[in-house]
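J.: I would like the atomic coordinates for the input below:
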Amino acid sequence: MRIGDEYDIVVIGAGPAGSTAAKFAADKASVLVVDKHREIGSPKRCGEGVGIRTFNEFGIPIDKRFINTEIYGSVVYAPNGKELKVRQENIMGYVIERKIFDKYLATDAVRNGATVVAESHASLWKEDGKLVGVKVKHQGEKLYVRSKMVIAADGVESQIARDMGIDTTLVPYEADSCIEYEMCGIDFDEMDLLHVFVGQELAPRGYVWVFPKDDDRANVGIGIVGNEKKTAKYYLDRFIAKRPGLMQGSILEVNVGSVPVGGFMEDFVKDNFMVVGDAARQINPMHGGGIYEVMLGGKLAGDIAGKAIEENNMDLIKNYAKMWESVRGQRLKKVLKVRNFIEKLNDKEIDYLADIWSGEDLFELTRGNYVSVFKKIIKHPKLLKMAKNLILS
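T.: Coordinates of the predicted model:
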């Protein structure tokens, strides 16, 4: 990359969303991806659980370099200890190594024609108020890269999108504060399932997760409401201290971050500028996971951006938000309704639901299919009223 280089599209951020957008845009356009980190994929801010659907839809190989554990289901623990379990004979997903997985996605984009440059801090370059490219500081050198379009994939509360005049601010209540330990030397049952612990006392407006990576190694983390007075670390340490099988483990890595769970951006496009991934809040608000969602957003953005360049018609990218809404956004808005219902429950009400719901019911809720599941609440007047208000809203 040299001063004066020109590209059709510059993507800022080489996470799953940015690399996927770059890969698909590179089918029809010249694409540069810049990432501020020295190593793509590091640091990770993720529980690293990925459903089999992601691998199938995006043609990702089952590569042992970035797959740690095959997952056959999940178990959710209510405050009273009741277990809601889903176990299948076939693989439902994997716990991956994000640092290697992300680098694979970036490599895939390069092999499809994109150029990727790490340790590159980007800002917008405007002339007479019009976006004409990006300014990049790469290893002490200042570079100017002209482009016809910029795609922001720079994460939660995207600074690049803000600089373009798009409000990406999150109020604390709309974000979960998260911390995760990668632990080794633990003793935990059923290390082929994802384990989730819920309860307002345990994790206010959130949950604790144990995602296995080996027989004695797992990601152990927590997400709580962002405006909670006590820290996520306080709640996670308290959880671990009550479980000897975890308490005996060693901490190999500590990761912290924030997850937007309170809603979605209404529009991801301004002039010749697009927003994808966490920056666009393209996540599942129920569990805060988003690798599938951000890659889907990246694919849609990359496809339409490449087509806009090929046809020399920037107006085409205005359809991006409508495409997202049709393909995934409408369903995720239903999931958000479910989350808004569940986060208002106290621990006794959660225990009640654990007695009448099954693991399969919870799986349906994460997909936004709530009508039939909520019919089981008929004997609890307060929850039934809340559920009716949810359905009618």
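J.: for Asp63, what are phi and psi?
T.: The phi/psi pair for Asp63 (degrees, to the nearest 10) reads phi -100, psi 120.
J.: tell me how many other residues surround it.
T.: 12 (other C-beta atoms under 10 Å). For glycine as for every other residue, the C-beta is placed from the backbone atoms N, C-alpha and C.
J.: quick check: it touching Tyr104?
T.: Yes: in this structure, Asp63 is within contact of Tyr104 by C-beta atoms under 8 Å, at 7.1 Å.
J.: any low-confidence regions in the stretch 101-250 of the chain?
T.: When residues are selected by pLDDT under 70, none of them lie in the stretch 101-250 of the chain.
J.: can you pull out the helices in it?
T.: 159-163, 232-241, 244-247 (DSSP state H, counting those that start in this stretch).
J.: which parts of the longest one are buried?
T.: What it means is helix 232-241. Of the residues in helix 232-241, Ala232, Tyr235, Leu236, Phe239, Ile240 count as buried by neighbour count, 16 or more other C-beta atoms under 10 Å.
J.: ok, now how distant is the closest residue to Lys376 other than its chain neighbours from Ile350?
T.: The shortest distance from Lys376 to any non-neighbouring residue, by C-beta to C-beta, 6 or more residues apart in numbering, is to Ile356 (5.0 Å). Distance, Ile356 to Ile350, using C-beta to C-beta, to the nearest Å: 11 Å.
J.: likewise Lys375?
T.: For Lys375 relative to Ile350 (C-beta to C-beta), the value is 18 Å.
J.: now Glu70
T.: Taken as C-beta to C-beta, the span from Glu70 to Ile350 is 30 Å.
J.: which of those two has more neighbours?
T.: Using other C-beta under 10 Å as the criterion, Glu70 and Ile350 rank with Ile350 on top: 19 against 15.
J.: quick check: which element contains the more buried one?
T.: Here Ile350, judged by DSSP states H and E, is contained in helix 347-356.
J.: list the buried residues in that helix.
T.: Quick answer for helix 347-356 (16+ other C-beta under 10 Å): Glu349, Ile350, Asp351, Tyr352, Leu353, Ala354.
J.: again, but for stretch 32-51
T.: Buried-residue list, stretch 32-51, by 16+ other C-beta under 10 Å: 32-37, 40-41, 44-51.
J.: so how far is Asp355 from Met286?
T.: Distance from Met286 to Asp355, by C-beta to C-beta: 20 Å.
J.: then Val220?
T.: 27 Å.
J.: show me the contacts for the closest residue to Glu201 other than its chain neighbours.
T.: Nearest residue to Glu201 in three dimensions, chain neighbours excluded: Asp347, at 5.8 Å (C-beta to C-beta, 6+ apart). By C-beta atoms under 8 Å, 6 or more residues apart in numbering, the contact list for Asp347 reads Pro79, Asn80, Gly199, Gln200, Glu201.
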